[in-house]
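Enquirer: Please work out how this folds:
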Amino acid sequence: MAENFGKIRCRIAPSPTGSLHVGTARTALFNYLFARKYNGKFIIRIEDTDLERSDPKYEKSILEGLKWLDIEADEGPENGGQYGPYKQSGRLRSYVKYIQKLFADKKAFYCFHSEEELEKEKNNLLEAKKPPLHLCEYRNLDPKEAKELTEIKKDYIIRFKTPLGKKIIFNDLIRSEVSFESDLLGDFSIAKRPDAPLYNFAVVVDDYEMQITHVIRGEDHISNTPKQLLLIEALGFNRPQYAHLPLILGSDRSKLSKRHGAVSLEEYKEAGYLPEALLNFIALLGWNPGDEREIFSKKELIKEFSIEKIQKSGAVFDINKLDWMNGRYIRQKSTKELTKLCKPFLKNLIGGQKEQYIEKIVALERPRLKKLSEITRQVEYFFKEPRLEPSFLQWKNMTDKEIVQSLDTAIELLQENKNKNTKTIKKIFLDMAYRRGDGGTLLWPLRMALSGKKASPGPFEIMDILGVEESIKRLQKAEKTMYAKIK
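Expert: Numbers count the residues shown, from 1 in each chain. Prediction:
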């Protein structure tokens, strides 16, 4: 199939009405991989003609999110290109020109129905169990009379005169042949005013003028395709090839939404997911290489990607799999690099601590991290004494007296061997635990006094970072806590 594609130009065209959605990021990635695989061009275009909802902060968020994922554009609003502007708000003259062409060819007309009339018509059709499409009585109105009415009536919209009795067929690169009946489309709206285009019209003009050859987008756009194909035919444009991606689903197999958890890229970034892990993960939402491999670099994804291996059915967003994958990428990081990544999550803890101290903590926690944000909660005891409850120190059925005795033994052993290294101290404690016949009664209170956590690294790993003096201090504090309870 690849040799038949020719010169490839594909795009992502997000609206800056919200943060970058993980589904949009997946669509961007598939367009990017497809373009790179076949030495084509990947374009970013911002669809910002919805002035009421568009916001520059969201445009910035979208562009920064794609950069964070390392999805770089060949052309776009930031780096330009020969087919700009790459924002719809800068392309208004083009829309006016093509609207005028449709009017001249009697393929567009002014509709003067009010919103209230259209809503009433829609509800009546639904009650009658008929498709809620609008076949407009103004479609054959004399153009001169219609133009005069626009001066009198301000409540109008521009519609496309949909041809009746026409079968619209296109070949989807993922779904094969797809067909629609034009009679089920109605006379659909294409612009509020000649310089205020609506989605289906604007996207057709933009794709034509930017010479887009392949439109790879979500399957929720399939219903837009017949309208766009009618406009393409009416304007005399070349058809791009279409590929409609499966939806991303939540765990209950409904469309992924906020009720399933995070959906914006920013939320995953703030939670401490690595961009290369998220890129790898979303690449496998609806596509696989045909084998059991799951870990891919971007270079490997480009090499392996193919439209033929995209599935038709929805792809479930499995957060547990993402956590596992992110953990894999975390463990591949060097200690220095991982420390740099973790620092923003530790900024309220580290104070004036030396870099070497922080690196030792990060290296210790690395095997347990699934996302960077977890480190804040997991290592706070290295920066401040843990809050201890007497019950934390109890191993199985130990009495309060036995806990005190265990802590006292640990303090004594440390004081006697404070000048020895942690490896030697560990051997001394383990020998003692062996002689006691129950290591838990010695090691559990020791670890809990040092960390205050039921789940943490071993006591000697903690001690190696805290140092013997700080460890003795924490054991003494735990012993005081127990004495207070006994009294």
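Enquirer: just checking, Met463 touches Glu469?
Expert: No. Checked against Cβ atoms under 8 Å, the pair Met463 and Glu469 is beyond contact range at 10.5 Å. Where you see a C-beta, it was placed from the backbone N, CA and C, and this is true even at glycine.
Enquirer: Excluding residues flanking it in the chain, which one is nearest Phe382?
Expert: Ile361 (5.1 Å; Cβ to Cβ, 6 or more residues apart in numbering).
Enquirer: Quick check: which element contains that neighbour?
Expert: Taking DSSP states H and E as the definition, Ile361 sits inside helix 355-365.
Enquirer: Let me know the pLDDT of the closest residue to Leu247 other than its chain neighbours.
Expert: Distances taken as Cβ to Cβ, 6+ apart place Gly314 nearest to Leu247, at 4.7 Å, with adjacent residues excluded. Note on Gly314: pLDDT of 92.
Enquirer: and what of Glu117?
Expert: Reported pLDDT at Glu117 in the predicted model: 89.
Enquirer: Ramachandran coordinates for it?
Expert: Main-chain torsions, Glu117, degrees, to the nearest 10: phi -70, psi -40.
Enquirer: next one: Phe170
Expert: Torsion angles, degrees, to the nearest 10, at Phe170: phi -140, psi 160.
Enquirer: which residues does it bridge with?
Expert: Applying DSSP bridges to Phe170 gives these bridge partners: Val178.
Enquirer: about what we covered before: ok, how many other residues are close to the residue nearest to Phe382?
Expert: Other residues within reach of Ile361, judged by other Cβ atoms under 10 Å, total 24.
Enquirer: Also the one 3 residues further on?
Expert: Leu364 is surrounded by 20 other residues when neighbours are defined as other Cβ under 10 Å.
Enquirer: Pull the contacting residues for it.
Expert: Leu364 is in contact with Pro457, Glu461, Ile462, Ile465, counting by Cβ atoms under 8 Å, 6 or more residues apart in numbering.
Enquirer: By neighbours, which of those residues wins?
Expert: Ile462 (24 neighbours).
Enquirer: Please tell me the pLDDT value assigned to Asp50.
Expert: Turning to Asp50, the model gives it a pLDDT of 83.
Enquirer: can you pull the contacts of it?
Expert: Residues in contact with Asp50 (Cβ under 8 Å, 6+ apart) are Ser15, Thr17.
Enquirer: quick one: what helix or strand has it in it?
Expert: Using DSSP H and E, no helix or strand contains Asp50.
Enquirer: That one and Gln88, how far apart?
Expert: Distance of Asp50 to Gln88, given as Cβ to Cβ, to the nearest Å: 9 Å.
Enquirer: what do you get for Pro445?
Expert: 66 Å.
Enquirer: These two: which is more packed in?
Expert: Each of Pro445 and Gln88 has its neighbours counted (other Cβ under 10 Å); Pro445 has more, 28 against 24.
Enquirer: Quick one: list the elements packing against the helix or strand harbouring the more buried one.
Expert: Here Pro445 sits within helix 440-451, counting by DSSP H and E. Packing contacts for helix 440-451, counted by 3 or more Cβ pairs under 8 Å, 6 or more residues apart in numbering; DSSP states H and E, involve helix 400-416, helix 422-436, helix 459-466, helix 468-486.
Enquirer: With respect to Asn348, which of the ones you listed lies nearest?
Expert: Closest approach to Asn348 among the helices and strands packed on helix 440-451 is made by helix 459-466 (19.1 Å; Cβ to Cβ).
Enquirer: Would you mind writing the CA trace of that closest one as CSV?
Expert: Provided in CSV are the C-alpha atoms of helix 459-466 (Å, rounded to 0.1, in the frame of the first residue of the first chain):
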residue,chain,number,x,y,z
PRO,A,459,15.8,-0.4,57.6
PHE,A,460,19.4,-0.6,56.6
GLU,A,461,18.8,1.0,53.2
ILE,A,462,17.1,3.8,55.0
MET,A,463,19.8,3.9,57.7
ASP,A,464,22.5,4.2,55.0
ILE,A,465,21.0,7.5,53.8
LEU,A,466,19.9,8.9,57.2
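Enquirer: Counting by contacts, list what that helix packs against.
Expert: Contact partners of helix 459-466 among helices and strands, from 3+ Cβ pairs under 8 Å, 6+ apart: helix 355-365, helix 422-436, helix 440-451, helix 468-486.
Enquirer: Adding distance to Pro289 and mean pLDDT, write the ones you listed out as a markdown table.
Expert: Below are the helices and strands packed on helix 459-466 laid out as a markdown table (distance: least, Cβ to Cβ, whole Å; pLDDT from 0 to 100):
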| stretch | distance to Pro289 | mean pLDDT |
| --- | --- | --- |
| helix 355-365 | 33 | 97 |
| helix 422-436 | 45 | 93 |
| helix 440-451 | 43 | 95 |
| helix 468-486 | 50 | 93 |
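Enquirer: closest to Phe160 out of the helices and strands packed on helix 440-451?
Expert: helix 459-466 (69.2 Å).
Enquirer: List of residues touching that closest one?
Expert: Helix 459-466 is contacted by residues 357, 360-361, 364, 381-382, 422, 425-426, 429, 443, 446-447, 450-451, 456, 471, 474 when judged by Cβ under 8 Å, 6+ apart.
Enquirer: Quick one, which of these are buried?
Expert: 360-361, 364, 381-382, 422, 425-426, 429, 443, 446-447, 450-451, 456, 471, 474 (16 or more other Cβ atoms under 10 Å).
Enquirer: Just give me the neighbour total for Trp68.
Expert: 17.
Enquirer: what's the distance between the closest residue to it other than its chain neighbours and Val316?
Expert: Closest residue in space to Trp68, ignoring its immediate chain neighbours: Pro275 at 5.1 Å, by Cβ to Cβ, 6+ apart. Counting by Cβ to Cβ, the gap from Pro275 to Val316 is 22 Å.
Enquirer: tell me which element Phe103 falls in.
Expert: Taking DSSP H and E as the criterion, Phe103 maps to helix 92-104.
Enquirer: In a helix, Glu72, correct?
Expert: No. Applying DSSP: H, G, I helix; E, B strand; the rest coil, one finds Glu72 to be coil, outside a helix.
Enquirer: For it, which residues are in contact?
Expert: Contacts of Glu72 (Cβ under 8 Å, 6+ apart): Tyr32, Phe42, Leu66.
Enquirer: Model confidence for Gly261, exactly?
Expert: 66.
Enquirer: for Ser257, same thing?
Expert: In this model, Ser257 carries a pLDDT of 76.
Enquirer: and it, how many neighbours?
Expert: Ser257 has 11 nearby residues by other Cβ under 10 Å.
Enquirer: quick one, what contacts it?
Expert: Gly250, Val263.
Enquirer: Following the chain past whichever strand or helix holds Thr150, name the next helix or strand.
Expert: Per DSSP H and E: Thr150 is located in helix 143-152. Next helix or strand after helix 143-152 toward the C-terminus (DSSP H and E): strand 157-160.
Enquirer: Cool, thanks, talk later.
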